Every structure is written in C-alpha cells, then in structure tokens.
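Q: Requesting a structural model of the entry that follows:
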Amino acid sequence: MKKIDYKKELKYLYNPSPKKPEIVDVLKMNFLMIDGKGDPNTSQEFKNAVEALFSVSYTFKFMIKKGKPGIDYGVMPLEGLWWVRDMSKFSIEKKDEWLWTAMIMQPEMVAKELTIEAMKTVKKKKNLPAIGKLRFESFWEGKSAQIMHIGPFSEEGSTIEKLHNFIRENNYKLKDKHHEIYLSDIRRGDPKKWKTIIRQPMS
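A: So this is what the prediction gives:
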C-alpha cells in the first residue's frame, strides 16, 4: 500500500525555520473548514469545531485507505485563520473579539463529494454539535511570510511582531487573515516545546 507523508511532501510550507521569517508561495489546497467566534482557549464552539474536523478528516483517511488503490496518509494538522472586522485593531490580548476559521488540509484524492458520506458516517458514531457546520472548500493564499514559533501560545506576540516587521522591511504590506498551523498535540508535552507556524499573506 502506498503511504504519503504530506508534511514532508510540502515541507516548505509545514516546516519553516524558527530563527528567521521566510517568504513562500502558498499553493491552492483543499480544506475542511468551520467558522466561529471567540477565544479558542475558552470557547466551547472552538472545541466542538476541532472535534468535528478531526473526526471527519480521519473518516476521509480510512475511506481512502480502504478504496482502490488503497493509499495511506497522515491526517494533516489543525490550522486556524484569525481576524477581527477591523484588522488594524487585531490584538492577541482581545481574543474574545476574534473571528476564526478552524480547518484541516485535505489531500488531492479526497473529493468534495466524499464529505456528505463521511459526515453521515461520523453522525452514526458520535453526536457532534458542530458536524453540520462543516464545509469543504479550496483556499489559496499566494505570497506569504512565515516563521516557526516554539513555545506556548501566550508568548506568540514577539514572534508575530518579528514576522510583521520582516514583511514591512521587505517592502510588502500585510493582507488578509492571520494564519496559524498547530504542529503539536497540546494535550501532551511541554508547552515550552509546542510548535506553531505563524503565516501572514502579503502584497
């Protein structure tokens, strides 16, 4: 059976350096997504969204693995887009005001048509409040800057500032939404070692 590690296949997007920002061209990819609002650390809505995203993503994985030809792959990490109505007022100190899209990238062999079938399969096994909010959608960021943040989420401020300064120093402007990719399982391990990719589209 063929096995694919998409984090390795897309290493330039999922393994940036923690030492300095870099510029990448982010290709169009397919995602399973859910929108919401509020502080991810305290919001039940966000927790429900994450559970639904991973449940359906793993269902996709097993559907593809059992298909012909069977292909095995690792489910991709959770990602989040974060913003407020007026991005000039975006602050990591006011998370209750954040709007968000929680999402997980899906491999090209996962067709949009599988979404309804996968959702039905999950519904039979679990009663997930957010399952009906899921959508399958293409997402493209294009030219962006990114850096790896190592440590707890509460200490991201200096890393974000470093990234934004890098963008301005290279004569670009910030555009669109703040993007984070969560590579660590925060239920386990030392928060000082958590790895989070901070990405910012630019023009």
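
Q: okay, CA-based contacts and neighbour counts for the rest of this
A: OK.

Q: pLDDT wise, what is the closest residue to residue 58 other than its chain neighbours at?
A: Nearest in space to residue 58, with sequence neighbours left out and distances taken as C-alpha to C-alpha, 6 or more residues apart in numbering, is residue 75 at 6.6 Å. With respect to pLDDT, residue 75 has a value of 97.

Q: can you check the one 5 residues further on too?
A: If you check residue 80, the pLDDT there is 97.

Q: What about it, how many residues nearby?
A: The number of residues packed around residue 80, counting by other C-alpha atoms under 10 Å, is 21.

Q: Can you name the residues bridging to it?
A: Counting by DSSP bridges, residue 80 is bridged to residue 102, residue 180.

Q: quick one, what contacts it?
A: Neighbouring residues of residue 80 by C-alpha atoms under 8 Å, 6 or more residues apart in numbering: 100-103, 179-181.

Q: could you dump those residues to CSV with pLDDT and distance to residue 38?
A: Converted to CSV, the contacts of residue 80 look like this (pLDDT from 0 to 100; distance: C-alpha to C-alpha, whole Å):
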residue, pLDDT, distance to residue 38
100, 96, 8
101, 98, 11
102, 98, 12
103, 98, 16
179, 97, 16
180, 96, 16
181, 98, 18
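
Q: Now the buried members of those.
A: Neighbour-count burial (16 or more other C-alpha atoms under 10 Å) applied to the contacts of residue 80 gives 100-103, 179-181.

Q: contacting residues for the residue nearest in space to the middle of the chain?
A: Nearest to the mean C-alpha position of the chain, by C-alpha atoms, centre = their mean, lies residue 79 at 1.1 Å. By C-alpha under 8 Å, 6+ apart, the residues touching residue 79 are 102-104, 179-182.

Q: Would you point out the most distant pair within those?
A: Taking C-alpha to C-alpha as the measure, the contacts of residue 79 span a maximum distance of 12.4 Å, between 104 and 179.

Q: And stretch 115-129, how far out from the chain middle?
A: Relative to its chain's centre, stretch 115-129 lies at 21 Å (C-alpha atoms, centre = their mean, to the nearest Å).

Q: Ok, stretch 21-37 next?
A: Per C-alpha atoms, centre = their mean, the displacement of stretch 21-37 from the mean C-alpha position of its chain is 7 Å.
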